[in-house]
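K.L.:
Got a predicted structure plus its sequence, pasted below:
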Amino acid sequence: MLKSIGIGAELFHELIESNSYYVDKTPFIRTVFKDNTSKVMLITRPRRFGKTLTMSTFYDFLSLNIENPGDVSLQEKWFKDTKIFEDKEFCSEYMGKFPVIFITLKQIEGEDFISAYGRFASAIYDMYTQFRYLADSDKLSSDEIEEYKLYLDKFYLREPKNNDAIKDSLSTLLKLLNKHHGIKPILLIDEYDVPIAKAAHNGYYREMIDIISPFLSKALKTNLYLGRAVLTGCLRAAKESIFTGLNNLLVCSILDTGHDDISSGIGFTKEEAEEVLAYYGLSDYYEDARNNYDGYHFGTNHMYCPWDVMNFCKDNYKKLSENKNLIQAGNYWINTSGNDVIEEFMGFIEPEDVELMQDLLDGKSITAEIRATLCYGDLQNHDIN
């Protein structure tokens, strides 16, 4: 019996426990946390490429068992059939060994700053409630415990006048976890750029930057309590003040050609796409999938969009025994996320670019220079020089 296809599933352990098909990307854990030595890594990829699933895989593999440190039975259950489990030395050193903070910023948005700030406060509250045992820690001072408990007051956090608590929240939690466990925590931040993008689109960019810049910088810049940090997002914030002075940051964008081991870690390679199609009996339709879903190059790697490939299989594998004439490649990416940023950046198109855009619409190819330094702040004024 074929495995189910977990469309939209974003948590590694849920995919495994539901016996859903999983393209084994687990060697990427070793690539990020051992083979590369940068303390802070930013990986930018398009939407629907599995960034959240990747971060969830990191979390499920690395997180220690709070109630019974040293117990890795859950990790052994989830990862026993994966490639990373074959590396016994790495598993012994990394599997279930770290306190891990995993926070996603994808829900931090709003029509105005106050509503976005409220969602930010809620995200911080939810992050802190995962570590309630710190309130009873005998490794923390009474002042540190009171500091922790302050973050369990959602109403306090939601008051904009108390925004210093939001700014300090990540760095404070890193410190408390390090003192309690005696281990430097790992920090995973998913969709770090969503609050900035939404703020730029809705007109409160400066207010959001004033919050998120210290929120990130205090945690990432010269933080003695931080072990490793990985951030994901769609766009590289090349000139944003949030990364000013962060000299231990490795940026892995789709343009980077010097990190092929990282470039192939998110998304499907040609071989992986072929493997999925073969599993569902659709190898004869590889050209259909290639013609529709392979339009990406990350570094020097030719990549496929996982969302499209898995939807193609889901929609078509049963038709093999019913009516092969119904097999077709759908446009699965359409209407799956907002295009606010694309619409905003369209404002930078020069008159001479209009003809090139028409060529794209007509199915032709064009050659264009990518301005990697363009950032969200430029949306507030079109000074990009």
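P.N.:
Great, that's in hand.

K.L.:
From now on I want contacts and neighbour counts done on CA atoms only, so please keep to that.
P.N.:
Noted.

K.L.:
contacting residues around stretch 208-217?
P.N.:
With Cα atoms under 8 Å, 6 or more residues apart in numbering as the test, stretch 208-217 has contacts from 113, 163, 166-171, 195-196, 199, 241-243, 246.

K.L.:
okay, who's weakest in these by pLDDT?
P.N.:
Least confident by pLDDT among the contacts of stretch 208-217: that is S241, with 58.

K.L.:
V194 is in contact with Y205, correct?
P.N.:
No - using Cα atoms under 8 Å, Y205 is not in contact with V194; the gap is 11.5 Å.

K.L.:
Which strands or helices does the longest helix seen in the chain pack on?
P.N.:
Criterion DSSP state H: the longest helix present in the chain is helix 163-181. Here helix 163-181 touches helix 113-129, helix 142-150, helix 154-157, helix 205-220, going by 3 or more Cα pairs under 8 Å, 6 or more residues apart in numbering; DSSP states H and E.

K.L.:
10 Å instead, please
P.N.:
Contacts defined by 3 or more Cα pairs under 10 Å, 6 or more residues apart in numbering; DSSP states H and E place helix 163-181 against strand 100-104, helix 113-129, helix 142-150, helix 154-157, strand 186-190, helix 205-220.

K.L.:
Switch these over to a markdown table; also include distance to K364.
P.N.:
Output for those, formatted as a markdown table (distance: least, Cα to Cα, whole Å):
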| stretch | distance to K364 |
| --- | --- |
| strand 100-104 | 37 |
| helix 113-129 | 40 |
| helix 142-150 | 57 |
| helix 154-157 | 52 |
| strand 186-190 | 35 |
| helix 205-220 | 36 |
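
K.L.:
what's the most buried one of the ones you listed?
P.N.:
The highest mean neighbour count among the helices and strands packed on helix 163-181, using mean count of other Cα atoms under 10 Å, belongs to strand 186-190: a mean of 23.

K.L.:
Tell me which other helices or strands that strand touches.
P.N.:
strand 40-44, helix 51-62, strand 100-104, helix 163-181, helix 205-220, strand 228-233.

K.L.:
what are the C-alpha coordinates of the first one, in CSV please?
P.N.:
In this case it means strand 40-44. Output of strand 40-44 as CSV, limited to C-alpha atoms (Å, rounded to 0.1, in the frame of the first residue of the first chain):
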residue,chain,number,x,y,z
VAL,A,40,24.2,32.2,12.7
MET,A,41,22.8,31.1,9.3
LEU,A,42,20.1,32.7,7.2
ILE,A,43,18.6,30.6,4.5
THR,A,44,16.2,32.3,2.0
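
K.L.:
contacts for that strand?
P.N.:
32-33, 51, 187-193, 220-221, 226-237, 246-255, 262-263, 266 (Cα atoms under 10 Å, 6 or more residues apart in numbering).

K.L.:
That strand pairs with which strands, and in what direction?
P.N.:
In the sheet, strand 40-44 lines up against strand 228-233 (parallel), strand 249-252 (parallel) (DSSP bridges).

K.L.:
On the C-terminal side of the last one, identify the next helix or strand.
P.N.:
Following the chain from strand 249-252 toward its C-terminal end, the next helix or strand by DSSP states H and E is helix 260-263.
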